[in-house]
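S.K.: Show me how the following folds:
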Amino acid sequence: MTIWLNSPFDPLPGEGGRPLRYWLLARSLVSQGHEVVWWSSDFHHVRKAKRSLPAVYRADDSPGRGFEVRLVPTQPYATNVGLARWRSHAAYARRFERTAREAGAAGAIPRPDVILVTLPPLGRFDAAARLKAAWGCRVVLDVQDAWPENFQQLLPGPVKRLGPAVLWPLSRIARRAYREADAVSVVSGCYTELVRRAAGLVRRAGPQAEPAVFRLGISLPDVPQAPRGKAATLRLVYVGNLGVSYDIPTMLESVKAMAAAGEPVSLDIAGDGDLRPAVEEAARGSHAAIRFHGYLDDVRLRRLLADCDVGIVPMFSRSWVAVPNKLADYAAAGLAIVSGLEGETASIVAEHACGIGYEPGRRESLAAAIRRYAADRPLVARHAAASRRMAEQVFDAEKIYPAMARWLVTSC
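M.R.: Purely as a prediction, here's the structure:
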């Protein structure tokens, strides 16, 4: 079969990032004998810069088993929140559809049997549905985040109560996608009920009866990690987006105050985003207690994680993020966890006894969680070992994506 993947946010082969969901899924599909075309953006969402990659190229992860990547010209946007990003996503969807039709008509690309589109961003499902009407292919939706529900937290205080009404046009787009997809997959069990409610689905026979759950998987390092918590200074780490919806200020303030008081903690930060200037300023004023590394490639990121003790998930539960990529990153590296998320992340961490929770927005709550680890290094070691076991049981890409690939080609 010919499978098209449309995901504009994940790292692409050839630019140094670590393989995430769609790169790993593409590998699994190819290994099972399918032809894969990955449509993505020529704009790097995290770095906020044009990608230095050809418009069309072959990603050969292994000889004779590669897949094609096609980049859609995309309008840049400076921040993750704002009209510029919405316009960019809308233009991306239009250009994807137009480019796909032209390439298909010219015979430059095989027409798909299945198109998998991610949500977010919104809008591309409608483009894929029109291609389905023209070509007779199937369209599968993969839900990675709760759009537009998670935007409600970003609305100004007086407007927040009107969130459902303000966001109604976007909710209508999402509901249509949930309802009309030939099949739906989700990265977290908590999104299953969201899909059911939003689509108005009832339990019945057929692929739409239940969304399929395939977690965010990660390739696990082969070499066992070194024992954690042995050094005099407890090394904390944060990797990922430096967005305004994250509890980055609390993390920075907590570590700065603890380090200023002579407590033996440090914080490494790797990533990029809207709050980068605040992170850089904190790093300059922390006397090396906070170190900012920018956006790291896969090799340097793994090396950084291998040198740390505790991974921080500074996120609000109202963000609607269920289980973030960074939790899988930390677990694969064998790090103890400090997390502000409730719900599914808190349940997984508690089940595997590998972390401590804190209340986002409260500096003393985060500091108390960190102090528990700083004062009890055997606890760090126990939680770190349990975290790695959690990765092997919950986030192992070698189990998740072959199963997702098989489901993708048989579910519709």
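S.K.: quick one: residue 235 is in a helix?
M.R.: No: under the criterion used here (DSSP: H, G, I helix; E, B strand; the rest coil), residue 235 is strand, not part of a helix.
S.K.: which residues of the stretch 301-412 of the chain fall in helices?
M.R.: Taking DSSP state H, counting those that start in this stretch, the helices of the stretch 301-412 of the chain run over residues 325-333, 343-352, 363-375, 377-394, 397-410.
S.K.: deepest of the ones you listed, which one?
M.R.: Stretch with highest mean neighbour count among the helices of the stretch 301-412 of the chain: helix 325-333 (a mean of 27; mean count of other CB atoms under 10 Å). Yep, even glycine has a C-beta here, placed from its N, CA and C like the rest.
S.K.: what mean pLDDT does that one have?
M.R.: Mean pLDDT, helix 325-333: 95.
S.K.: Pull the residues that contact that helix.
M.R.: By CB atoms under 8 Å, 6 or more residues apart in numbering, the list of residues contacting helix 325-333 from outside reads 20, 215-221, 225, 237-240, 301-302, 305-306, 308, 311, 313, 337, 339, 345, 348-349, 354, 387-388, 390-391, 394-395.
S.K.: looking at the helices of the stretch 301-412 of the chain, which is closest to residue 29?
M.R.: Among those, the nearest to residue 29 by CB to CB is helix 397-410 (4.7 Å).
S.K.: Centre of the chain to that closest one, how far?
M.R.: Taking CA atoms, centre = their mean, to the nearest Å, one finds the center of helix 397-410 at 18 Å from the center of the full chain.
S.K.: pLDDT weak spots in the stretch 201-350 of the chain?
M.R.: In the predicted model of the stretch 201-350 of the chain, residues 201-209, 223-225, 319-320 satisfy pLDDT under 70.
S.K.: And the strands in it, which stretches?
M.R.: Taking DSSP state E, counting those that start in this stretch as the test, the strands found in the stretch 201-350 of the chain are 212-213, 234-241, 265-272, 290-292, 310-313, 336-339.
S.K.: picking up where we left off before, show me just the buried residues among the contacts of helix 325-333.
M.R.: By neighbour count, with 16 or more other CB atoms under 10 Å, the contacts of helix 325-333 hold 20, 215-220, 225, 237-240, 301-302, 305, 308, 311, 313, 337, 339, 345, 348-349, 354, 387-388, 390-391, 394-395 as buried.
S.K.: show me where the stretch 51-200 of the chain has helices.
M.R.: All helices of the stretch 51-200 of the chain, identified by DSSP H, counting those that start in this stretch, fall at 83-106, 124-135, 157-160, 163-166, 168-180, 190-199.
S.K.: Including mean neighbour count, could these go into JSON lines?
M.R.: Output for the helices of the stretch 51-200 of the chain, formatted as JSON lines (neighbours: other CB atoms under 10 Å):
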{"stretch": "helix 83-106", "mean neighbour count": "16"}
{"stretch": "helix 124-135", "mean neighbour count": "19"}
{"stretch": "helix 157-160", "mean neighbour count": "9"}
{"stretch": "helix 163-166", "mean neighbour count": "13"}
{"stretch": "helix 168-180", "mean neighbour count": "17"}
{"stretch": "helix 190-199", "mean neighbour count": "18"}
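S.K.: and those helices as CSV, adding distance to residue 27 and mean pLDDT?
M.R.: Shown next, in CSV, are those (distance: least, CB to CB, whole Å; pLDDT from 0 to 100):
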stretch, distance to residue 27, mean pLDDT
helix 83-106, 22, 92
helix 124-135, 22, 95
helix 157-160, 42, 60
helix 163-166, 39, 58
helix 168-180, 26, 80
helix 190-199, 24, 78
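S.K.: Distance to residue 67 for these - can I get that in CSV?
M.R.: Putting the helices of the stretch 51-200 of the chain into CSV (distance: least, CB to CB, whole Å) gives the following:
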stretch, distance to residue 67
helix 83-106, 15
helix 124-135, 18
helix 157-160, 43
helix 163-166, 40
helix 168-180, 25
helix 190-199, 27
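S.K.: out of the ones you listed, nearest to residue 145?
M.R.: Closest to residue 145 of the helices of the stretch 51-200 of the chain is helix 190-199 (CB to CB; 8.5 Å).
S.K.: tell me the angle that closest one makes with helix 168-180.
M.R.: If you take axes from the mean of the first three to the mean of the last three CA atoms, to 10 degrees, helix 190-199 sits at 100 degrees to helix 168-180.
S.K.: what's helix 190-199 packed up against?
M.R.: Packing contacts for helix 190-199, counted by 3 or more CB pairs under 8 Å, 6 or more residues apart in numbering; DSSP states H and E, involve strand 138-143, helix 168-180, strand 183-186.
S.K.: Make a markdown table out of the ones you listed and add distance to residue 294.
M.R.: As requested, these are arranged in a markdown table below (distance: least, CB to CB, whole Å):
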| stretch | distance to residue 294 |
| --- | --- |
| strand 138-143 | 29 |
| helix 168-180 | 32 |
| strand 183-186 | 32 |
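S.K.: quick check, distance from stretch 302-322 to the centre of its chain.
M.R.: With CA atoms, centre = their mean, you get 12 Å for stretch 302-322.
S.K.: With stretch 102-120 instead?
M.R.: Its chain's C-alpha centre and that of stretch 102-120 lie 24 Å apart, by CA atoms, centre = their mean.
S.K.: Extract the C-alpha set from stretch 74-83 and format it as PDB.
M.R.: The C-alpha atoms that make up stretch 74-83 are tabulated as PDB, following Å, rounded to 0.1, in the frame of the first residue of the first chain:
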ATOM      1  CA  THR A  74       5.000  27.500   4.700                       C
ATOM      2  CA  GLN A  75       4.600  31.100   5.900                       C
ATOM      3  CA  PRO A  76       6.800  31.700   8.900                       C
ATOM      4  CA  TYR A  77       5.400  32.800  12.300                       C
ATOM      5  CA  ALA A  78       7.300  34.300  15.200                       C
ATOM      6  CA  THR A  79       5.300  32.900  18.100                       C
ATOM      7  CA  ASN A  80       3.100  29.800  18.800                       C
ATOM      8  CA  VAL A  81       0.200  32.000  19.700                       C
ATOM      9  CA  GLY A  82      -1.400  34.500  17.300                       C
ATOM     10  CA  LEU A  83      -3.000  35.100  14.000                       C
END
